[in-house]
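Novice: Here is a sequence with its predicted model. Questions after.
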Amino acid sequence: MSAATGVMGEASAVAAPIVDIRNLTVTFTGGRRPVHAVSGVDLRLERGEVLALLGESGSGKSVTLRSLLRLHPEKRTQIAGAMQVAGEDLMTLSGRALADFRGRRVSMIFQEPLLALDPVYTVGDQITETILRHESVSRQAARARALALLRRVRIPSPERRLDAFPHEMSGGMRQRAMIALALACNPEVLLADEPTTALDATVQIQILLLLRELQRELGLSVILVTHDIGVAVEVADRVAVMYAGRIVETGLVRDVIRNPSHPYTQGLLASRAHGAMAAARLEAIPGAPPDLADLPPGCAFAPRCRHSEASCLTSQPLAKTVAAGHLVRCVRV
């Protein structure tokens, strides 16, 4: 895994990133009031890099991820900004071009494979059909590759599991099958949306180790959504912390963990238990996340921040550099 730096719209001096998101806004309009789920996100993913999107539920992580595959309902979603993958403009794709793009260039591991996998088709059929959709191979060759993928993700008795339905597999095996499906057409970018949330601790570790191994082996560029700081530390090169639809801090994992500079990042780290503090009382971030249909004009975290001042309530803080590649949106920096 690389140790690439630079996000939030900062231009790369070496090579173009494989994913380049600029000023992305996503607004859902299906309810009584528009919901501003993502507000002006700038994000870059370098080739061969793992980037973790970190934050509480409702912070906009999964919405950002799904926007890269244009999975939101078009009639109830307004998307603005720029999104490019390997120089291809995603905002202009539609119809067959968009269908060709999904799974082939960018693929996704969903949070709950039991819901993402089709219950009426076997796992082998679903992987086979994905390969046939994107590549000109025979069904026999596609099925053989599906079997090889199940072996690659270390599913026990892969020949038997090839003809198993999703409900006949354990949670860990379903997630491995989901990973095999995502890798079926050798994508350049892999999106992982909370891939270990529904699993027990032992299986979580196994899946994380598998993802890290596959990423290194295949040279994948990965964006991983998680609310678990431990997962980000274990897998990622860089981390981007999201709050209320905005990225408030980003940098190399080691820099953000050692020197968290945004009060929200500090609160997340303080609320996490570890072995050295078994009997200590955890610090909780006071209050609750804001209503995304009624965001304040200033910093969205200001009502929960013990360091807030008058300027925090009236204007959005600009991104400031703490160290090379370590950027923070906070007036105190």
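Specialist: On my side now, so go ahead.
Novice: Low-confidence regions, the stretch 51-200 of the chain specifically.
Specialist: Applying pLDDT under 70 to the stretch 51-200 of the chain picks out no residues at all.
Novice: give me that answer again for 90
Specialist: Across the stretch 51-200 of the chain, the ranges flagged by pLDDT under 90 are 57-58, 86-87, 94, 111-115, 195-200.
Novice: which residues of it fall in strands?
Specialist: 77-85, 88-89, 106-109, 189-193 (DSSP state E, counting those that start in this stretch).
Novice: which one is residue 241 nearest to, not counting chain neighbours?
Specialist: Using CB to CB, 6 or more residues apart in numbering and skipping residues adjacent in sequence, the residue nearest residue 241 is residue 249, 4.4 Å away. Heads up, the C-betas are built off the backbone N, CA and C, glycines and all.
Novice: Mind checking what secondary structure that neighbour has?
Specialist: Under DSSP: H, G, I helix; E, B strand; the rest coil, residue 249 falls in the strand class.
Novice: Against residue 333, how distant is the nearest residue to residue 122 once chain neighbours are set aside?
Specialist: Excluding its sequence neighbours, the residue lying closest to residue 122 (CB to CB, 6+ apart) is residue 163, at 5.1 Å. Separation of residue 163 from residue 333 (CB to CB, to the nearest Å) stands at 56 Å.
Novice: Kindly report the same for residue 115.
Specialist: Remark: distance between residue 115 and residue 333 (CB to CB) = 40 Å.
Novice: Settle it for me: which of the two has more neighbours?
Specialist: Regarding residue 115 and residue 333, a neighbour count based on other CB atoms under 10 Å identifies residue 333 as having more, with 16 against 10.
Novice: does the nearest residue to the more buried one once chain neighbours are set aside count as helix, strand or coil?
Specialist: Leaving aside its chain neighbours, residue 333 sits nearest to residue 320 (4.6 Å; criterion: CB to CB, 6+ apart). The three-state label given to residue 320 by three-state DSSP is strand.
Novice: tell me the contacts of the closest residue to residue 31 other than its chain neighbours?
Specialist: Leaving out its chain neighbours, the residue that sits closest to residue 31 by CB to CB, 6+ apart is residue 293, at 7.5 Å. Contact partners of residue 293, counting by CB atoms under 8 Å, 6 or more residues apart in numbering, are 31, 33, 34, 35, 36.
Novice: Go through these and name the one with the lowest pLDDT.
Specialist: Among the contacts of residue 293, residue 31 carries the lowest pLDDT, at 82.
Novice: ok, residue 113 touching residue 173?
Specialist: No - between residue 113 and residue 173 no contact is recorded; they are 9.2 Å apart, counting by CB atoms under 8 Å.
Novice: tell me the pLDDT at residue 286?
Specialist: pLDDT for residue 286: 88.
Novice: where does it fall, phi/psi-wise?
Specialist: Per-residue torsions, residue 286: phi -70, psi 160 (degrees, to the nearest 10).
Novice: which residue packs closest to it, ignoring adjacent ones?
Specialist: Looking at residue 286 with CB to CB, 6+ apart, the closest residue is residue 304, at 5.6 Å.
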